[in-house]
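*Asks:* Next comes the sequence, and after it the predicted model I'd like to discuss.
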Amino acid sequence: MAKAKNGDVVKVHYTGKLEDGRVFSSSENGDPLQFTIGDGNTIPGFEEAVVGMSPGESKTEKVSADQAFGPYREELVVEIDRGRIPEGVDPKVGKRLQVQKTDGGVTEVLVTGVTESKVTLDANHPLARNDLVFDIHLLEIL
């Protein structure tokens with residue numbers, strides 16, 4: 001039977017959980033996730049977990065933070081002048097905003113602090129610093 005390898009296009013159903021069992025993402029009630037192993041469009045530890053699986057096989061894999069969304073990086077937390085927030089945008093703690101990066105791309109940030117003159121923004125991925133657990137079911141290798 002064929003085993004998934006680097007370069008294969010695969011379809012999987014998955015459930016992603018934190019170590020305490022809280023589910024943060026799942027494809028089980030929707031379309032399966034389709035991706036090319038090794039293309040870098042999914043987290044490295046998830047791709048590695050699929051390598052060697054055969055269609056129909058299921059497994060549970062723990063993925064360390066460094067193979068998932070990485071460590072929490074303090075340098076991704078910045079304080080800006082409130083005047084830099086566009087008019088009509090009300091920054092509230094807990095709100096997610098999209099900001100334009102210097103390279104022209106867009107990234108999502110979390111508002112973590114607001115004063116009269118400053119707004120603190122956190123560009124870390126919400127799952128940074130977390131080890132993750134994935135239940136993976138390989139449906140097919142395309």
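*Replies:* Looks like it arrived, so ask away. Numbers count the residues shown, from 1 in each chain.
*Asks:* contacting residues around stretch 111-118?
*Replies:* 77, 79-82, 91-97, 119-122 (Cβ atoms under 8 Å, 6 or more residues apart in numbering). Yep, even glycine has a C-beta here, placed from its N, CA and C like the rest.
*Asks:* Of these, which belong to strands?
*Replies:* Per DSSP state E, strands hold the following members of those: 77, 79, 80, 81, 96, 97, 119, 120, 121, 122.
*Asks:* tell me the contacts of the spatially most central residue of the chain?
*Replies:* With distances taken as Cα atoms, centre = their mean, residue 69 lies nearest the centre of the chain, 5.9 Å away. Neighbouring residues of residue 69 by Cβ under 8 Å, 6+ apart: 43, 125, 127, 128, 129, 130.
*Asks:* Which among these count as buried?
*Replies:* 43, 125, 127, 128, 130 (16 or more other Cβ atoms under 10 Å).
*Asks:* Who wins on neighbours among the ones in strands among the contacts of stretch 111-118?
*Replies:* In terms of neighbours by other Cβ atoms under 10 Å, those top out with residue 119 at 23 neighbours.
*Asks:* Next, count neighbours for the residue nearest to that residue when sequence neighbours are not counted.
*Replies:* Nearest residue to residue 119, sequence neighbours excluded (Cβ to Cβ, 6 or more residues apart in numbering): residue 91, at 4.8 Å. For residue 91, the count of nearby residues is 17 (other Cβ under 10 Å).
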